[in-house]
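Asks: How does the following fold in three dimensions:
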Amino acid sequence: MNGSKNERSKAPKQAVKPKEKPRKPDARVQRTRDQLGQALIALIVEKPINDVTVQDVLDRAGVGRSTFYLHYRDKDDLLVSQLEMFLEFMSTALSVRNDKSNRVAPVAGMFEHIGNQNKLYRVLSDSGHLKDFFDLAEGYFARGIERRLKESGRLAKVPQRELAARASALSGSLLSLLRWWLDRGEKESPQEMDEMFHRMVWTGLQ
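Replies: Presented below is the predicted three-dimensional model:
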């Protein structure tokens, strides 16, 4: 039987359920984003980025205009999205695969990839978009390196605030090393750069 109106009004309210975490895009959405991203990257190594239009990207990807604007505001938004995808993958790669070494970043893999894509690096530099890459990279690698430092267990007694500061400093050092390597013509191998960076990391953190 239902209670009186007063009894019902005194009943405790049910807790509001927390919002669900946003779901990852489904395979079809991810495939569309990949097509658009790959089309843009291919185009900007063929001609100046400022000469590439959204229509060029759509034609190369075989995607409709309305579909493009469901995902991105403009060409620059698409470019930043591609840079973020790359940086997310690289900065978390060691943690994701549960790497047991003391490496804090996959330096050899990243340098090898960027070295192989050196024309893209020059395109970003010439168009003024290289700063966007390094600004994004500093944050991604600071978080990734901090995670790896925690996983190593070697700095367990270091306060969290100092650990974050050290990770940020190491991220900046990594990117400075990348610039130095590229600007000098990649004289050292990616593996040599990986070893050099990690000597710097652990010598400085003793």
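
Asks: In this structure N50 contacts G128, no?
Replies: No. Between N50 and G128 there is no contact, the gap being 9.4 Å when judged by CB atoms under 8 Å. C-betas here are computed from N, CA, C, even on glycine.

Asks: Tell me where the model's unsure across this structure.
Replies: Applying pLDDT under 70 to the chain flags residues 1-25, 204-206.

Asks: 80 instead, please
Replies: Screening the chain residue by residue with the criterion pLDDT under 80, one finds the ranges 1-25, 116-118, 204-206.

Asks: how about the strands in it?
Replies: Remark: no strands are assigned in the chain by DSSP state E.

Asks: Where do the helices of it begin and end?
Replies: Listed from the start of the chain, the chain has helices (DSSP state H) covering 5-10, 27-44, 54-61, 65-71, 75-96, 107-116, 118-127, 130-152, 160-183, 190-204.

Asks: if I pick the closest residue to F141 other than its chain neighbours, what's in contact with it?
Replies: Beyond its immediate neighbours in the sequence, the residue positioned closest to F141 (CB to CB, 6 or more residues apart in numbering) is S171, lying 4.0 Å away. Under the criterion of CB atoms under 8 Å, 6 or more residues apart in numbering, the contact partners of S171 comprise A137, E138, G139, F141, A142, I145.

Asks: burial count for the nearest residue in space to D56 that is not next to it in sequence?
Replies: What sits nearest to D56 in space, not counting adjacent residues and going by CB to CB, 6+ apart, is L43, at 5.7 Å. Neighbour count of L43, defined by other CB atoms under 10 Å: 19.

Asks: if I look at L43, how far off is L149?
Replies: 39 Å (CB to CB, to the nearest Å).

Asks: next one: S173
Replies: S173 sits at a distance of 14 Å from L149 (criterion: CB to CB).

Asks: Could you check which of the two has the larger neighbour count?
Replies: Under the criterion of other CB under 10 Å, the comparison of S173 against L149 puts L149 first, with 22 against 16.

Asks: Leaving out chain neighbours, which residue sits closest to Y72?
Replies: The shortest distance from Y72 to any residue that is not its chain neighbour, by CB to CB, 6+ apart, is 4.6 Å, and that residue is L78.

Asks: For the one you found, give me its contacts.
Replies: With CB under 8 Å, 6+ apart as the criterion, the residues that contact L78 are L36, G37, L40, V57, H71, Y72.

Asks: Just the buried ones among those residues, please.
Replies: The neighbour-count test (16 or more other CB atoms under 10 Å) marks L36, G37, L40, V57, Y72 as buried among the contacts of L78.

Asks: got those residues as CSV, with distance to E188 columns?
Replies: As requested, the buried ones among the contacts of L78 are exported to CSV (distance: CB to CB, whole Å):
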residue, distance to E188
L36, 35
G37, 30
L40, 31
V57, 36
Y72, 37
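
Asks: for D74, what are its contacts?
Replies: D74 is in contact with V54, counting by CB under 8 Å, 6+ apart.

Asks: For stretch 75-86, output the C-alpha coordinates as PDB.
Replies: Provided in PDB are the C-alpha atoms of stretch 75-86 (Å, rounded to 0.1, in the frame of the first residue of the first chain):
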ATOM      1  CA  LYS A  75      42.100  22.000 -40.400                       C
ATOM      2  CA  ASP A  76      44.200  23.100 -37.500                       C
ATOM      3  CA  ASP A  77      42.000  21.300 -35.000                       C
ATOM      4  CA  LEU A  78      42.600  18.100 -37.100                       C
ATOM      5  CA  LEU A  79      46.300  18.700 -37.000                       C
ATOM      6  CA  VAL A  80      46.400  19.200 -33.300                       C
ATOM      7  CA  SER A  81      44.300  16.000 -32.800                       C
ATOM      8  CA  GLN A  82      46.900  14.000 -34.800                       C
ATOM      9  CA  LEU A  83      49.800  15.400 -32.800                       C
ATOM     10  CA  GLU A  84      47.900  14.600 -29.500                       C
ATOM     11  CA  MET A  85      47.300  11.000 -30.700                       C
ATOM     12  CA  PHE A  86      51.000  10.500 -31.400                       C
END
